[in-house]
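S.K.: Give me the fold of what follows.
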Amino acid sequence: MYCAYLVVTLSNFGAGAHTVTCNASNTGEWYRYTTSATQTAYCYYGYPGQTVWATADGVRSNNIVW
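M.R.: Model prediction:
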């Protein structure tokens with residue numbers, strides 16, 4: 001199985017807990033977690049050609065195609 005990962009780094013967010021959602025074009029929401037760290041766990045995706053992105057507290061990242 002192919003896989004890739006997206007590292008989510010939070011910048012300019014206040015202190016406290018933040019909800020991070022990982023998304024992929026073919027599945028929608030892939031994974032959701034809460035963190036208080038500035039660099040969080042990785043989001044893993046399993047298929048080449050997918051468009052992936054993350055949101056943190058509702059702020060969406062750029063789309064990435066791998």
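S.K.: contacts, neighbours, all on C-alpha from now
M.R.: Fine.
S.K.: need the strands for this protein, in chain order.
M.R.: Ranges of strands in the chain, per DSSP state E, are 4-9, 18-24, 28-35, 39-45, 51-56, 59-60, 64-65.
S.K.: ok now do residue 32, which residues does it touch?
M.R.: Shown in contact with residue 32 (C-alpha atoms under 8 Å, 6 or more residues apart in numbering): 19-22.
S.K.: Let's see that with 7 Å instead.
M.R.: Applying C-alpha atoms under 7 Å, 6 or more residues apart in numbering to residue 32 gives the contacts 20-22.
S.K.: Closest one of those residues to residue 28?
M.R.: Within those, the smallest distance to residue 28 is 8.5 Å, found for residue 22 (C-alpha to C-alpha).
S.K.: got the contact list for the closest one?
M.R.: If you count contacts by C-alpha under 7 Å, 6+ apart, residue 22 has them with 29-32, 43, 53-55.
S.K.: So which of these sits lowest on pLDDT?
M.R.: Among the contacts of residue 22, residue 43 has the lowest pLDDT, at 76.
S.K.: what's the burial count for that one?
M.R.: Using other C-alpha atoms under 10 Å, residue 43 has 21 other residues around it.
S.K.: For it, give its distance to residue 64.
M.R.: Remark: distance between residue 43 and residue 64 (C-alpha to C-alpha, to the nearest Å) = 12 Å.
S.K.: next one: residue 30
M.R.: Residue 30 is 15 Å from residue 64, by C-alpha to C-alpha.
S.K.: circling back to that earlier point, what's the least confident stretch among the strands of the chain?
M.R.: Looking at the strands of the chain, the bottom one is strand 39-45 with a mean of 69.
S.K.: Now render the contacts of residue 32 as a markdown table, adding distance to residue 9.
M.R.: As requested, the contacts of residue 32 are exported to a markdown table (distance: C-alpha to C-alpha, whole Å):
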| residue | distance to residue 9 |
| --- | --- |
| 20 | 10 |
| 21 | 13 |
| 22 | 13 |
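S.K.: which of the residues you listed lies closest to residue 4?
M.R.: The nearest member of the contacts of residue 32 to residue 4, counting by C-alpha to C-alpha, is residue 22 at 12.7 Å.
S.K.: Right, I'll call it a day here.
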